[in-house]
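*Asks:* with the input below, show me the fold.
(chains A and B)
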There are 2 protein chains.
Amino acid sequence: MPVNTIRWVNGKVRIIDQTRLPHKLIYRDIKDVQSMREAIKKLRVRGAPAIGVAGAFGVLLGIKNERPKNYREFKKKIDSAIKSLASSRPTAVNLFWALERMRRCAEGNAKRPLTQAKKLLLEEAFSIMKEDRDICRRMASFGAKLIKSGDRILTHCNAGGLATVDYGTALGALFKAKKEGKRIKVFVDETRPLLQGARLTTWELKREGIDVTLICDNMAASLMEKGLIDKVFVGADRIARNGDVANKIGTYNLAVLARYHKIPFYVVAPESTFDFRLSSGKKIPIEQRGEDEVREILGKKIAPKNIKVYNPAFDITPGRLVTAIVTEKGIFRRRRKGTFSDFHICTR
Amino acid sequence: MPVNTIRWVNGKVRIIDQTRLPHKLIYRDIKDVQSMREAIKKLRVRGAPAIGVAGAFGVLLGIKNERPKNYREFKKKIDSAIKSLASSRPTAVNLFWALERMRRCAEGNAKRPLTQAKKLLLEEAFSIMKEDRDICRRMASFGAKLIKSGDRILTHCNAGGLATVDYGTALGALFKAKKEGKRIKVFVDETRPLLQGARLTTWELKREGIDVTLICDNMAASLMEKGLIDKVFVGADRIARNGDVANKIGTYNLAVLARYHKIPFYVVAPESTFDFRLSSGKKIPIEQRGEDEVREILGKKIAPKNIKVYNPAFDITPGRLVTAIVTEKGIFRRRRKGTFSDFHICTR
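*Replies:* Residues are numbered from 1 along each chain as shown, chains lettered A, B, ... in the order given. Model prediction:
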């Protein structure tokens, strides 16, 4: 049964508070833009597609109780909500993509009565949500084609239902493979510093009855060397035109290891994750997060006070290390040589 | 100022309880074999050379209050202490090497009065300790030759004073480089699951005034890709005849990343770490540790209850990924081709 990561309930956005998992499944009603910004910043709601949808509904929170006199005032409210939400996290592009759709929807309906424009904005947010549901299922079908019965799959961070509206990107492919009757065994990187693998991915996979084993991030190479990993599946936060993939810190690490051990490395992400304006991953802004995320684990201090810390939330995996990218349009495999613009679709 | 990891004080072994660092520097007096076995098992004392020395003194704890009637009884006590200590941890060979020295010392003095034999055993343990001090300083001098001013060095786990009697293997080289006036910057892998990097190595480096930055294990590749790492320095728990190195889990991971990014990968370990009986690393027994070490961090649960876990304490880095091994005899570089038996000494 899919999770309910994000819903619109009585004019509020009901999210699963992911900081409390796996110990407690708590829903939280987000009532205004500021709280949504905070929820995204603190990773209560997280995952590139999920924060896109959360952002879209966040815009609604900014106007639902407003009675603007005219379109200009209305648009000002919307722009301010968008500006605030856009400043929550810099790397995942789906957020900006969803906010841009909301802005365009407002502008495209500038001539209509404001109550109707408001209604159309709500419909747009619902469309984004519904599309995410459909897209995840389409990606899952394509992704599952890459999985054989007996496969032992490694995944990093959380690219599951909790990272989308309800089904997942990389994990969606595993759910679908399971549904098709394929036996799979999944290894999950705990994914320091915020432990999304240990806390969220193990929880989701166990919930779906999938054979899951938790490892520390530094154990992946040991498994690969023993021949215990057949494939790596991860999600993405932003993909540049040349196929470079920004994803949770540690993804690039895995991609290098996978290449060294000749293990296919698959990225599953909706088209909204592509940023075609950027020629390479070097141009993707990487969020640097607070030092205490590394110095502490769930509030426990693990290092000397004030020790210096390096804490990028994401890294860039060059397109050349990616075997294929699965989107809702199909499986894009990289040609043997050339840049990622040479990726070609091989399954539709 | 070097740490005092292990001392012999009034017929007891005084160790730093490393499970309490970095928050508390607590010394613990170990009074009998069983407590020493437990201290090694629980990593209160840890690091291949350190547990060798701890094991040697542990044998003394097994006989110091005994009044055996004859050599046979005496030897039985010693063998029983050795057996118990040898079953504490399987991978680091220095423990077996030190216990073997104690056994031989007992056997070599079988004809002497027991009080004298006892005294000679204590002297043997002191020799092992003193040799470790000297060897560490010799390794440090050789290791420092590999370090240039301005180097940014990555290290994993703890190969410092806390892993030896008082000075360190890999960290010894850094201490020495600092002493020689070289400016260095050190990045430290936190080293899950037991966080020896975050807890112990940062503490030691800070104590010596070295510029230190803590990272999560999955961030190393990101630093390497940015050109921020010039060299990797690690210790070792056992080295096979062909140059394969068993060291803390995650070391092999780093070695693959270093090779991919063309970064030299150095191992610093005393000759007692070599196990010439083993033709390759495949034959080194790898300790599997408890599942809760991964499911919990310092007592905090980070994953769903009963989730399956893979938790090897060590991995094997093939000799071909090692640029050089530094021992007390010099720097052994690998020839371009061939196995590690082709390593040749290049600095004496």
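*Asks:* just give me the neighbour total for A:Glu296.
*Replies:* As a burial measure, A:Glu296 scores 15 neighbours (other C-beta atoms under 10 Å in any protein chain shown). Glycine gets a C-beta too; all of them are placed from N, C-alpha and C.
*Asks:* what sits closest to it if chain neighbours are left out?
*Replies:* A:Ile302 (6.5 Å; C-beta to C-beta, 6 or more residues apart in numbering or on different chains).
*Asks:* interface residues of the stretch 51-200 of chain A facing chain B?
*Replies:* Residues of the stretch 51-200 of chain A that fall close to chain B, judged by C-beta under 8 Å from any C-beta of the partner chain: A:Phe187, A:Asp189, A:Glu190, A:Thr191, A:Arg192, A:Pro193, A:Leu195, A:Ala198, A:Arg199.
*Asks:* could I get those residues as CSV with neighbour count and secondary structure?
*Replies:* Output for these, formatted as CSV (neighbours: other C-beta atoms under 10 Å in any protein chain shown; DSSP: H, G, I helix; E, B strand; the rest coil):
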residue, neighbour count, secondary structure
A:Phe187, 24, strand
A:Asp189, 30, strand
A:Glu190, 33, coil
A:Thr191, 25, coil
A:Arg192, 27, coil
A:Pro193, 25, coil
A:Leu195, 22, coil
A:Ala198, 29, helix
A:Arg199, 24, helix
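*Asks:* can I get those residues in TSV including pLDDT?
*Replies:* Converted to TSV, those look like this (pLDDT from 0 to 100):
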residue	pLDDT
A:Phe187	98
A:Asp189	98
A:Glu190	98
A:Thr191	98
A:Arg192	98
A:Pro193	98
A:Leu195	98
A:Ala198	98
A:Arg199	98
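*Asks:* could I get these in a markdown table, plus columns for distance to B:Arg277?
*Replies:* Supplementary listing: those in a markdown table, determined by distance: C-beta to C-beta, whole Å:
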| residue | distance to B:Arg277 |
| --- | --- |
| A:Phe187 | 33 |
| A:Asp189 | 35 |
| A:Glu190 | 36 |
| A:Thr191 | 39 |
| A:Arg192 | 37 |
| A:Pro193 | 41 |
| A:Leu195 | 41 |
| A:Ala198 | 39 |
| A:Arg199 | 44 |
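*Asks:* what is the nearest of these to A:Lys12?
*Replies:* Minimum distance to A:Lys12 across those is 24.8 Å, recorded for A:Arg199 (C-beta to C-beta).
*Asks:* my guess is the closest one contacts B:Lys301, does it?
*Replies:* No - in this structure A:Arg199 lies outside contact range of B:Lys301 using C-beta atoms under 8 Å: 9.6 Å.
*Asks:* who touches both of those two?
*Replies:* With contacts defined as C-beta atoms under 8 Å, 6 or more residues apart in numbering or on different chains, no residue is shared by A:Arg199 and B:Lys301.
*Asks:* low-confidence ranges in chain A?
*Replies:* Within chain A, the ranges that satisfy pLDDT under 70 run A:336-348.
*Asks:* go again with 50.
*Replies:* A:338-340, A:348 (pLDDT under 50).
*Asks:* could I get the full set of helices for it?
*Replies:* Assigned by DSSP state H, the helices in chain A fall at A:33-41, A:48-61, A:71-86, A:93-108, A:114-144, A:170-179, A:196, A:202-207, A:220-225, A:251-260, A:292-295.
*Asks:* deepest in the core, which of those helices is it.
*Replies:* helix A:48-61 (a mean of 29; mean count of other C-beta atoms under 10 Å in any protein chain shown).
*Asks:* who does it touch, helix- and strand-wise?
*Replies:* In terms of contacts (3 or more C-beta pairs under 8 Å, 6 or more residues apart in numbering or on different chains; DSSP states H and E), helix A:48-61 is packed against strand A:6-9, strand A:12-16, strand A:27-30, helix A:33-41, helix A:71-86, helix A:93-108, helix A:114-144.
*Asks:* would CSV of the ones you listed with distance to B:Leu214 be doable?
*Replies:* Listed next are the helices and strands packed on helix A:48-61 as CSV, based on distance: least, C-beta to C-beta, whole Å:
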stretch, distance to B:Leu214
strand A:6-9, 34
strand A:12-16, 31
strand A:27-30, 32
helix A:33-41, 23
helix A:71-86, 31
helix A:93-108, 29
helix A:114-144, 36
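*Asks:* looking at these, spot the one closest to B:Leu162.
*Replies:* helix A:33-41 (37.9 Å).
*Asks:* domains in chain A, by residue range?
*Replies:* Split into domains by automatic domain parsing, chain A comes to A:6-137, A:146-347.
*Asks:* quick revisit: okay if I get the helices of chain A as TSV plus distance to B:Tyr71?
*Replies:* Output for the helices of chain A, formatted as TSV (distance: least, C-beta to C-beta, whole Å):
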stretch	distance to B:Tyr71
helix A:33-41	72
helix A:48-61	73
helix A:71-86	81
helix A:93-108	77
helix A:114-144	71
helix A:170-179	65
helix A:196	62
helix A:202-207	57
helix A:220-225	46
helix A:251-260	55
helix A:292-295	55
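*Asks:* tell me which of the ones you listed lies nearest to B:Phe96.
*Replies:* Nearest of these to B:Phe96, taken as C-beta to C-beta: helix A:220-225 at 22.9 Å.
*Asks:* who does the closest one touch, helix- and strand-wise?
*Replies:* Secondary-structure packing of helix A:220-225 (3+ C-beta pairs under 8 Å, 6+ apart): strand A:152-155, strand A:185-189, helix A:251-260, helix B:251-260, strand B:314-317.
*Asks:* contact partners of that helix?
*Replies:* Contacts for helix A:220-225 (C-beta under 8 Å, 6+ apart): A:154, A:187, A:189, A:215, A:229, A:253-254, A:257-258, A:260-261, A:263, B:249-250, B:252-253, B:256, B:310, B:312, B:315-316.
*Asks:* and if you look at stretch A:14-32?
*Replies:* With C-beta under 8 Å, 6+ apart as the test, stretch A:14-32 has contacts from A:3-9, A:12-13, A:36, A:39, A:42-46, A:54, A:58, A:61-62, A:162, A:196, A:199-200, A:202-203, B:301, B:303-304.
*Asks:* can I get that stretch in PDB, CA atoms only?
*Replies:* The C-alpha trace of stretch A:14-32 is given here as PDB (Å, rounded to 0.1, in the frame of the first residue of the first chain):
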ATOM      1  CA  ARG A  14      -1.100  17.200   5.300                       C
ATOM      2  CA  ILE A  15       2.400  15.700   5.200                       C
ATOM      3  CA  ILE A  16       4.100  12.800   6.900                       C
ATOM      4  CA  ASP A  17       6.700  14.300   9.200                       C
ATOM      5  CA  GLN A  18       9.700  12.300   7.900                       C
ATOM      6  CA  THR A  19      12.000  13.500  10.700                       C
ATOM      7  CA  ARG A  20      10.000  11.200  13.000                       C
ATOM      8  CA  LEU A  21      10.200   8.000  11.000                       C
ATOM      9  CA  PRO A  22      10.800   5.100  11.400                       C
ATOM     10  CA  HIS A  23       9.800   5.200  15.000                       C
ATOM     11  CA  LYS A  24       6.600   7.200  14.600                       C
ATOM     12  CA  LEU A  25       4.300   7.800  11.600                       C
ATOM     13  CA  ILE A  26       3.000  11.300  12.300                       C
ATOM     14  CA  TYR A  27       1.000  13.500  10.000                       C
ATOM     15  CA  ARG A  28       1.500  17.200  10.200                       C
ATOM     16  CA  ASP A  29      -0.900  19.900   8.800                       C
ATOM     17  CA  ILE A  30       0.900  22.700   7.200                       C
ATOM     18  CA  LYS A  31      -1.200  25.900   7.300                       C
ATOM     19  CA  ASP A  32       0.900  28.700   5.800                       C
END
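*Asks:* mind listing what's buried in that stretch?
*Replies:* A:Arg14, A:Ile15, A:Ile16, A:Asp17, A:Gln18, A:Thr19, A:Leu21, A:Pro22, A:Arg28, A:Ile30, A:Asp32 (16 or more other C-beta atoms under 10 Å in any protein chain shown).
*Asks:* and the second one, how close does it get to A:Ala170?
*Replies:* As defined by C-beta to C-beta, to the nearest Å, A:Ile15 lies at a distance of 21 Å from A:Ala170.
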